[in-house]
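let me see the structure of the following:
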Amino acid sequence: MSIALATEFARRGFRVDVVVLGPATTMLDQVPPTVRLIRLGARRTSLAIGRLRRYLARERPSSVLSAAWEPNLVTLLASLGLRFRPKVVLSVRNTFSLALQGGIRRRLIRLATRSLYPLADHVAVVSKGAAADLRRHTGLDAAQVSVIYNPALPPDIEALASAPAELFPPATPGRARIVTIGRLAPAKDQANLIRAFAQLSARCDAELFIFGEGEMRSALEQLVVEEGLQGRVTLAGAVKNPFPYMRQADLFVFSSAWEGFGNVLIEALASGVRIVSTDCPHGPSEILEGGKWGRLVPPGDSDALAEAMHEALSGPTVNGLARARQFTVERIADEYLKLLGE
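Below you'll find the model as predicted:
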């Protein structure tokens, strides 16, 4: 999201820096030549306060857009007391009460968020549900918080979707192809999907492809074995371009236990694939407009998920491209520029 917005801002003639606080992150190769990439080189994000403060004092940007829990806190601390303080807008992309559960580090971030976020000029949250959750747990004033969805629809969708789906084996006639895409992490709850798929596969001929990597891979591989689904469920690894896999699928399933938004649902809408999603906090119901563009089921309910998948496979396709176009980078950039005062 950050690189997409930076690219769009630069296209409109603004001078834009993408500032990386800590160790190198993924996707930096996507920063275009029109955007200056600044690496502050701190060993950890939390140690970048001094380096970011020096950058802000030297460059004097008119505004700063920060994203993610730790970078947001570092940005607020680095900007305190500056003679030429930029306008600081924070982007919150997950649900505060759910994303920061457990562990000393997360508890400290929760406390710091409650204390420091009121110092921001504005806070943009990626869904209405996540915004309400943030306000409820931090006491932020309503006037300080806006909802701005993620820019999840790339401009070159047709070219991306037309690329070869190299990780798919040859299609088996009569066998439904089901796809999910996301980090292999507790929040994404692919375990619930695997249990639901075990029920579905007893009723129809289908195969499930799980794209993504993460800490839950071993547990999910074990669950596939326990459910006797070897050869029917494939953990296919991470994929840079998800669009050809969604376009060639019969069904896309989003199984998250919680979210801040759910970018991949918009990608699925643009791909024209049938959609089944959990109605988790927060994002899916807003994106799918209460079920208009795909079936919604309670999170964690494998029985309901299996039934919805079965119904969707025998139901009509839904052309969600018009809905997906409401999440273009051009539209979202307009909203951010209003907050940034540009």
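
may I see the buried residues of stretch 107-126?
109-110, 112-113, 116-117, 120-126 (16 or more other CB atoms under 10 Å). Backbone N, C-alpha and C define where each C-beta goes, glycine included.

next: stretch 54-66.
For stretch 54-66, by 16+ other CB under 10 Å, it's 55-56, 61, 63-66.

make a markdown table out of the buried residues of stretch 107-126 and add secondary structure.
Shown next, in a markdown table, are the buried residues of stretch 107-126 (DSSP: H, G, I helix; E, B strand; the rest coil):
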| residue | secondary structure |
| --- | --- |
| 109 | helix |
| 110 | helix |
| 112 | helix |
| 113 | helix |
| 116 | helix |
| 117 | helix |
| 120 | coil |
| 121 | coil |
| 122 | strand |
| 123 | strand |
| 124 | strand |
| 125 | strand |
| 126 | coil |
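
widest-spaced pair of those?
Across the buried residues of stretch 107-126, the longest distance by CB to CB is 21.6 Å; it joins 110 and 121.

just the helices in the stretch 51-200 of the chain please.
69-79, 96-99, 104-116, 128-138, 157-161, 190-201 (DSSP state H, counting those that start in this stretch).

okay, those helices in JSON lines with distance to residue 181 next?
Output for those, formatted as JSON lines (distance: least, CB to CB, whole Å):
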{"stretch": "helix 69-79", "distance to residue 181": "24"}
{"stretch": "helix 96-99", "distance to residue 181": "20"}
{"stretch": "helix 104-116", "distance to residue 181": "26"}
{"stretch": "helix 128-138", "distance to residue 181": "21"}
{"stretch": "helix 157-161", "distance to residue 181": "13"}
{"stretch": "helix 190-201", "distance to residue 181": "10"}
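
out of those, which gets nearest to residue 243?
With CB to CB, the closest approach to residue 243 among the helices of the stretch 51-200 of the chain belongs to helix 157-161: 4.0 Å.

show me what counts as buried in the closest one.
Residues 157, 160-161 are the ones in helix 157-161 that count as buried (16+ other CB under 10 Å).

which one of those is nearest residue 202?
Nearest member of the buried residues of helix 157-161 to residue 202, counting by CB to CB, is residue 161, at 32.0 Å.

relative to residue 267, how far out is the closest one?
Distance of residue 161 to residue 267, given as CB to CB, to the nearest Å: 9 Å.

what do the two both touch?
Overlap of the contact sets of residue 161 and residue 267 (by CB atoms under 8 Å, 6 or more residues apart in numbering) consists of 243, 246.

can you give me the strands for the stretch 201-342 of the chain?
Secondary structure of the stretch 201-342 of the chain (DSSP state E, counting those that start in this stretch): strands located at 206-211, 233-237, 251-254, 275-278, 295-297.

reformat those strands as TSV; add mean neighbour count, distance to residue 33 and mean pLDDT.
Converted to TSV, those look like this (neighbours: other CB atoms under 10 Å; distance: least, CB to CB, whole Å; pLDDT from 0 to 100):
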stretch	mean neighbour count	distance to residue 33	mean pLDDT
strand 206-211	22	30	98
strand 233-237	18	30	98
strand 251-254	28	34	98
strand 275-278	28	37	98
strand 295-297	22	42	98
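
of all those, which lies closest to residue 103?
strand 275-278 (24.6 Å).

partner strands of the closest one, parallel or antiparallel?
strand 251-254 (parallel), strand 295-297 (parallel) (DSSP bridges).

nearest to residue 89, out of the strands of the stretch 201-342 of the chain?
Residue 89 sits nearest to strand 251-254 of all these, at 28.4 Å, using CB to CB.

I'd like the distance from the closest one to the chain centre, please.
In terms of CA atoms, centre = their mean, to the nearest Å, the centre of strand 251-254 is found 15 Å from the chain centre.

ok, residues contacting that strand?
Under CB under 8 Å, 6+ apart, the answer for strand 251-254 is 176-182, 193, 246, 262, 264-265, 268, 271, 273-278, 284, 305, 309, 312-313.

tabulate the CA atom coordinates of it in PDB.
The C-alpha trace of strand 251-254 is given here as PDB (Å, rounded to 0.1, in the frame of the first residue of the first chain):
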ATOM      1  CA  LEU A 251     -14.000 -20.400  -5.800                       C
ATOM      2  CA  PHE A 252     -11.900 -18.100  -3.600                       C
ATOM      3  CA  VAL A 253     -12.200 -18.500   0.200                       C
ATOM      4  CA  PHE A 254     -11.200 -16.000   2.800                       C
END
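
so where is the stretch 101-250 of the chain shaky, pLDDT-wise?
The stretch 101-250 of the chain contains no residues with pLDDT under 70.

repeat that for 90
Along the stretch 101-250 of the chain, segments meeting pLDDT under 90 span 101-103, 105-106, 154-158.

out of the buried residues of stretch 54-66, list just those in strands.
In strands, judged by DSSP state E, the following of the buried residues of stretch 54-66 are found: 63-66.
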